[in-house]
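K.L.:
no sequence for this one, just the structure:
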């Protein structure tokens, strides 16, 4: 088992401790309230750019080579990412190296020691990273960004959430410094230490490393557009051997009372190899190699998304098969047997979170940053809620979510006019 506790440093920095004494590893992670939702159009991509620069702009290491070598030398690993609503930096190591891990995490977070040459090198790296989402015509084809923008933002649905060549090229070192100073302040960061460690020792070290961090958080997160009265769709042609599509239904944000039912329904539709979509679209019809359904949640909005890809000539049949399953779910709901079977799957998945220090850090760190609950919602509490779900509640949620006015359909790749026309007709 584990022990949860939370401390707040005098400067307002929140620190979460997840003690798991039965394992050998430890995770030190930081969750920062910064992402594309805080960016204006002219500086799209600056949060992602800053995430890259954190590993170059430290004061204790002369360059990124020294930093990364220090992580390797203790047999550790590092990771970082930027999402629309938050960013994260993660250090994983053997528990005997927790002191070094925390020091390296502080080096990364508090650095802000950017050099012009490093900025230019990282700019080129990001531009190369962006090319994986650009087709041979130069069009941006990241289906996840397109779906997010179409559902939740005003303006073009084809604006890259992490910037384009123009915005990335225009960002300056001063812009990066300003962004770091604005967002990397105590009340906008949650530190989480998860795994095998001595809490008193770690807390003292965190106070020494982060206690002098100052600044007040003043940024505002613009609200997202949530009003929708009819199905929306976007078809983007791209030279490709396959056609990818996402079918998204607006649903619930983090901590909505029906989120656990939302997780269950995503699992029924496409969460496992015996799910409805996998059995019928892949196993019976042989139309796709992979098809999945999953929840996407933020602090204030959420959706249930179905994703797959197929060859051009199978697009119409695949769209029909997917919509058949959605319509069947809406008309007939699920059975008691299906509810029982899926409950056990989701329950087990929740329980398994408690075996992973990284999963536990993510669970409590993101919850604290985005929700700041008075009492944290633990994995075991969520797991127990699953067994309290009633079939009538499931059917009520189905009737709320899987309706045309919450439906969004995004297609990227090769398709013909007939397939497009047929897919649009299915949405209604």
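P.N.:
Noted; the coordinates are in hand. Predicted model, so just to flag it, every value in this text is computed and none were measured. Numbers count the residues shown, from 1 in each chain.
K.L.:
just the strands in the stretch 151-300 of the chain please.
P.N.:
Assigned by DSSP state E, counting those that start in this stretch, the stretch 151-300 of the chain shows strands spanning 189-195, 232-237, 242-250, 291-297.
K.L.:
from residue 108, how far out is the spatially closest residue to residue 192 that is not a sequence neighbour?
P.N.:
For residue 192, ignoring the flanking residues on the chain, the nearest one in space by CB to CB, 6 or more residues apart in numbering is residue 365 at 3.9 Å. For the C-beta atoms, the positions are set from N, CA and C on the backbone; glycine is no exception. Residue 365 is 16 Å from residue 108, where distance means CB to CB, to the nearest Å.
K.L.:
who's more crowded, these two?
P.N.:
residue 365 (26 against 22; other CB atoms under 10 Å).
K.L.:
distance check, that one against residue 357.
P.N.:
In this structure, residue 365 and residue 357 are 11 Å apart, going by CB to CB.
K.L.:
likewise for residue 271?
P.N.:
To residue 357, residue 271 is 24 Å away according to CB to CB.
K.L.:
these two: which is more packed in?
P.N.:
Applying other CB under 10 Å to residue 271 and residue 357 shows that residue 357 carries more neighbours, namely 27 against 23.
K.L.:
which residues does that one contact?
P.N.:
Counting by CB atoms under 8 Å, 6 or more residues apart in numbering, residue 357 makes contact with 18, 20, 23, 25, 26, 27, 92, 194, 195.
K.L.:
other SSEs contacting the helix or strand hosting the first one?
P.N.:
In this assignment (DSSP states H and E), residue 18 forms part of strand 14-19. On a contact count with 3 or more CB pairs under 8 Å, 6 or more residues apart in numbering; DSSP states H and E, strand 14-19 meets strand 3-8, strand 189-195, helix 199-210, helix 357-370.
K.L.:
what about this protein, any weak spots by pLDDT?
P.N.:
For the chain, applying pLDDT under 70 flags the ranges 155-159.
K.L.:
excluding chain neighbours, what is closest to the residue nearest the centre of it?
P.N.:
Centroid-nearest residue in the chain, with CA atoms, centre = their mean: residue 83, separated by 5.7 Å. Counting by CB to CB, 6+ apart, residue 35 is the residue found nearest to residue 83 once chain neighbours are left out, at 5.4 Å.
K.L.:
burial count for the closest residue to residue 16 other than its chain neighbours?
P.N.:
Nearest in space to residue 16, with sequence neighbours left out and distances taken as CB to CB, 6+ apart, is residue 192 at 4.5 Å. The tally of other residues near residue 192 (other CB under 10 Å) stands at 28.
K.L.:
where along the stretch 1-150 of the chain do the strands fall?
P.N.:
3-8, 14-19, 25-32, 77-82, 87-94.
K.L.:
right, I'll leave it there.
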